[in-house]
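J.: Predicted structure and sequence below. I'll ask about it afterward.
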Amino acid sequence: MMTVWLSLAAAVFLAGLVHICAPAFPAALAAACVHALLVPVLLRKQPRYVLLPMTAGLALRGGAAVFDGFTSLLSNMSIDTGGYFMFAKGLVDGVKYTGFFGGKYGRMLSWLFAWCGTTKAMAVYINILFGLTSIWFLYKCLDKIKAPRRLRILLLWALALFPYSVYYSSVLLREAMVGTFAAAALYCALCWMEDRQARWVLLCAGSLLAASAFHAGALFLIIGFALFFTFYSHQKGRLTVGRKSLCVLAAVLAGLALLALLFPGVFLEIFSGRMNLRGVLYTFNMHDGGSAYLTWLNAENLWDVIRYSPLKLFYFLFAPLPWDWRGLKDAASFLIDSLSYLCCYWVILKNTPRSGYKWFLLPMLLGLLVTLLAYGLGAWTAGAAIRHRNKFFPLLLILVALAKAPAGPENAGKQTEGEKSE
């Protein structure tokens, strides 16, 4: 995938030069189309069971983007897509556009528009490549743990074809970016578990910070990774608690807290105005929107927030639930999306006690649970729940594979010959 991204950087650079010389020519669109045709060639050395779902995923996402380019039907499904575009275009045109969309993603789009022209083509294509990269990181994790070939094929095709993953990586939204960086962090942690090289810790931290830069809620994932890196013992092959590990954990969390406080505009921007009891209660009690759930719920104090948190989390994970359906669209969302997550969590909870990666899974599940709870407390509609939980769908599929892995990192390689015979 490194070759794919380096060639994309070259394509963006050339598109910008063409745009400067001939502003009327759709250089960004042409560069995106040519690069998309080259991607299968650049990935040709990947195993066939990887290349096919990645190519299909690229074709689906590209087709969805082309369809949206002619109809705008996909973009109109979320007000955020238009908001990010207007904010970025406004910065380029010198028009001040205030609002919720002035985050890192909106500013990144403005830089891209300033270089290539204010067209969505290249920006959407970058999102498509992030979606493709999440499939690649899923494959790398599956390969790292020597997952059974049938499970690899199933999970790779699931991520490549999952309708909401296709949608969110083919419009101007940041879900694909957050999901890819989260999957990259998990891959780095698996690599560290195998060879203990410090570079994997740094790469993991960088991936998590990148994810949280695009959406601050992803910052809570650091809890699980911090617990794993400080308490996992390579000698014993399990989590161990000692004075030294507790000191290391305290130092890591203090450093991350200091970093977030020194650069709140980078990592805590979305929490602006919410980091107090009034802001928490205001967000918790929001009920507007056609797909709003728990409209009868009203928290009056911090204890109410704590008491109702499990219920908010449950709805966030599986909404729209049958008793809230407004028609066939909600029923389809439940059958396609909610049941998929329900199956994933069931497989993880059922198999984790017997998994060879149990001591890796436990802190990661805790970090994911805290992260999802943070998102759940701030979400109140089924649409928002579907969108935000999709950020972590690639990571969730990796956890499914880890739960199903009977062999731990010390003897996973013994499965290799058996996998080749399938």
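T.: Yep, that arrived. Numbering: from 1, shown residues only.
J.: Pull out the buried residues from whatever helix or strand Leu342 lives in.
T.: Using DSSP states H and E, Leu342 sits within helix 339-351. Going by neighbour count (16 or more other C-beta atoms under 10 Å), the buried part of helix 339-351 is Ser340, Tyr341, Cys344, Tyr345, Val347, Ile348, Asn351. For every residue, glycine as well, the C-beta is placed using N, CA and C.
J.: And the nearest residue to Thr283 once chain neighbours are set aside, how far from Leu372?
T.: Spatial nearest neighbour of Thr283, chain neighbours left out: Gly378 (5.1 Å); criterion: C-beta to C-beta, 6 or more residues apart in numbering. To Leu372, Gly378 is 11 Å away according to C-beta to C-beta, to the nearest Å.
J.: which of these two has more neighbours?
T.: Leu372 (23 against 19; other C-beta atoms under 10 Å).
J.: Is Leu239 bridged to anything, and to what?
T.: Tyr232 (DSSP bridges).
J.: Pretty sure it sits against Phe231.
T.: Yes - using C-beta atoms under 8 Å, Leu239 is in contact with Phe231, at 4.4 Å.
J.: what do the two both touch?
T.: Pro363 (C-beta atoms under 8 Å, 6 or more residues apart in numbering).
J.: So the nearest residue to Phe334 once chain neighbours are set aside: helix, strand or coil?
T.: Nearest residue to Phe334, sequence neighbours excluded (C-beta to C-beta, 6+ apart): Pro320, at 5.5 Å. What DSSP: H, G, I helix; E, B strand; the rest coil gives for Pro320 is coil.
J.: how about Pro320, what does it touch?
T.: Ser291, Tyr293, Arg326, Asp330, Ser333, Phe334, Ser338, Ala382.
J.: list the contacts for the third one?
T.: Same thing as Arg326. Here Arg326 is in contact with Gly290, Ser291, Pro320 (criterion: C-beta under 8 Å, 6+ apart).
J.: Next one: Tyr125 relative to Val66, how far apart?
T.: Distance from Tyr125 to Val66, by C-beta to C-beta: 11 Å.
J.: Which one of those two is surrounded by more residues?
T.: In this view Tyr125 and Val66 are compared by other C-beta under 10 Å, and Tyr125 has more residues nearby, 24 against 14.
J.: Work out for me the element the more buried one sits within.
T.: Judged by DSSP H and E, Tyr125 forms part of helix 120-144.
J.: which residues touch the helix or strand just after that helix?
T.: Downstream of helix 120-144, the next assigned helix or strand under DSSP H and E is helix 149-161. Identification of contacts with helix 149-161 by C-beta under 8 Å, 6+ apart yields 49-50, 53-54, 56-57, 60, 134-135, 138-139, 142-143, 147, 165, 340, 393-394, 397, 400-401, 404, 419, 422.
J.: And helix 149-161, what's buried?
T.: Arg149, Arg152, Ile153, Leu155, Leu156, Trp157, Ala158, Leu159, Ala160.
J.: Now do the buried residues in the helix holding Tyr125.
T.: 120-142, 144.
J.: And the contacts of the helix holding Leu342?
T.: 158, 162, 317-318, 361, 365, 389, 396-397, 399-400, 403-404.
J.: Check stretch 115-123 too.
T.: By C-beta under 8 Å, 6+ apart, stretch 115-123 touches 12, 15-16, 19, 23, 26-29, 31-32, 69, 85, 88-89, 92-93, 109, 112-113, 172.
J.: Which of these are buried, as a PyMOL select command?
T.: The buried residues among these can be selected in PyMOL (16+ other C-beta under 10 Å) with this line:
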select buried, resi 12+15+16+19+26+27+28+29+31+32+69+85+88+89+92+109+112+113+172
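J.: out of the contacts of stretch 115-123, which are inside helices?
T.: Using DSSP state H to define helices, the subset of the contacts of stretch 115-123 located there is 12, 15-16, 19, 27-29, 31-32, 69, 85, 88-89, 92-93, 109, 112-113.
J.: Arg387: what's it in contact with?
T.: Contacts of Arg387 (C-beta under 8 Å, 6+ apart): Ser78, Tyr164, Tyr168, Leu173, Glu175.
J.: okay, the last one: pLDDT?
T.: Glu175 is assigned a predicted lDDT (pLDDT) of 91.
J.: just for the stretch 301-422 of the chain, where's the confidence low?
T.: 407-422 (pLDDT under 70).
J.: If we use 80, what do you get?
T.: 406-422 (pLDDT under 80).
J.: For it, which segments are assigned as strands?
T.: Secondary structure of the stretch 301-422 of the chain by DSSP state E, counting those that start in this stretch: no strands are present.
J.: Do you have the helices of the stretch 151-300 of the chain handy? List them.
T.: Listed in chain order, the helices of the stretch 151-300 of the chain (DSSP state H, counting those that start in this stretch) span 163-168, 175-195, 198-214, 222-231, 243-262, 264-267, 277-284.
J.: and the last one, how far from the chain's centre?
T.: The chain centroid and the centroid of helix 277-284 are separated by 26 Å, computed with C-alpha atoms, centre = their mean, to the nearest Å.
J.: how about it as CSV, C-alpha atoms only?
T.: Below are the C-alpha coordinates for helix 277-284, written out as CSV (Å, rounded to 0.1, in the frame of the first residue of the first chain):
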residue,chain,number,x,y,z
LEU,A,277,-21.5,19.2,33.5
ARG,A,278,-23.8,21.5,31.7
GLY,A,279,-22.4,20.6,28.3
VAL,A,280,-22.6,16.9,29.1
LEU,A,281,-26.2,17.1,30.2
TYR,A,282,-27.1,19.2,27.2
THR,A,283,-25.6,16.6,24.8
PHE,A,284,-27.0,13.7,26.7
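J.: rewinding a little: give me the distance from the helix holding Leu342 to the chain's centre.
T.: For helix 339-351, the distance to the chain centre is 18 Å (C-alpha atoms, centre = their mean).
J.: by how many degrees do that helix and helix 149-161 diverge?
T.: 150 degrees (axes from the mean of the first three to the mean of the last three C-alpha atoms, to 10 degrees).
J.: Could you pull up the contacting residues of Thr371?
T.: Counting by C-beta under 8 Å, 6+ apart, Thr371 has contacts Gly217, Ala218, Phe220, Leu221, Ile223, Phe392.
J.: Can you tell me how far the residue nearest to the spatial centre of the chain is from Lys89?
T.: The residue lying closest to the centre of the chain (C-alpha atoms, centre = their mean) is Gly179, at 1.3 Å. Note on Gly179: its distance to Lys89, by C-beta to C-beta, is 26 Å.
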